[in-house]
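*Asks:* let me see the structure of the following:
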Amino acid sequence: MGITYKEIHEFRKEDLEDLFLSVDWSSGHFPDKLVVAMQNFQTVYSAWDEDKLVGMVCAMDDGIMTAYLHYMLVRPEYHHQGIGHQLLELMKEHYRSYLRIGLIAYNTELDFYESCGFKKAENASPMFITSLWT
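*Replies:* Down below sits the predicted model:
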């Protein structure tokens, strides 16, 4: 049947837990928090193989100029099928009138994001604090 894409905010915690743990992301250990996070993101696109959640991308935005992509992930067994590219195309179309779409990428992901039209910032480094109080 193929992959279908949805713009939704309501997910079962089991689906989120399974997806996030499939890529070894620690946030998968907090499925109740992920459910709330998905409800709070401005934009969420998800990829489904029938009733199986296989990928998603989420964004926060200021409503007019800048959007930040977060939680871009695809189950490993679904890599190299164009799912990640399609999820990013949906976001790029959604935010086409914005001045900037930003994201933080690991060095191993740079080629993928560059193939989707993103450019690495010169003289910039991502910075963050990970909460130890979970």
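*Asks:* lowest confidence element among the helices and strands of the chain?
*Replies:* Using mean pLDDT, DSSP states H and E, helix 110-115 stands out as the lowest-scoring helix or strand of the chain, at a mean of 91.
*Asks:* what's stretch 75-86 in contact with?
*Replies:* Under the contact criterion Cβ atoms under 8 Å, 6 or more residues apart in numbering, stretch 75-86 has outside partners 3, 5, 19, 22-23, 47, 49, 54-55, 72, 74, 112, 115-116. Backbone N, C-alpha and C define where each C-beta goes, glycine included.
*Asks:* for stretch 115-129, which residues meet the burial criterion?
*Replies:* Neighbour-count burial for stretch 115-129, with 16 or more other Cβ atoms under 10 Å as criterion, is recorded at 116, 118.
*Asks:* tell me where the protein has helices.
*Replies:* Ranges of helices in the chain, per DSSP state H, are 13-22, 31-40, 83-94, 110-115.
*Asks:* chain center to the shortest one: distance?
*Replies:* Distance of helix 110-115 from its chain centroid, counting by Cα atoms, centre = their mean, to the nearest Å, is 15 Å.
*Asks:* buried set for that helix?
*Replies:* Quick answer for helix 110-115 (16+ other Cβ under 10 Å): 112-113.
*Asks:* coming back round to it: taking the contacts of stretch 75-86, please make a ChimeraX selection of just the buried ones.
*Replies:* Buried subset of the contacts of stretch 75-86, written as a ChimeraX selection, criterion 16+ other Cβ under 10 Å:
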select :3,19,22,47,49,54,55,72,74,112,116
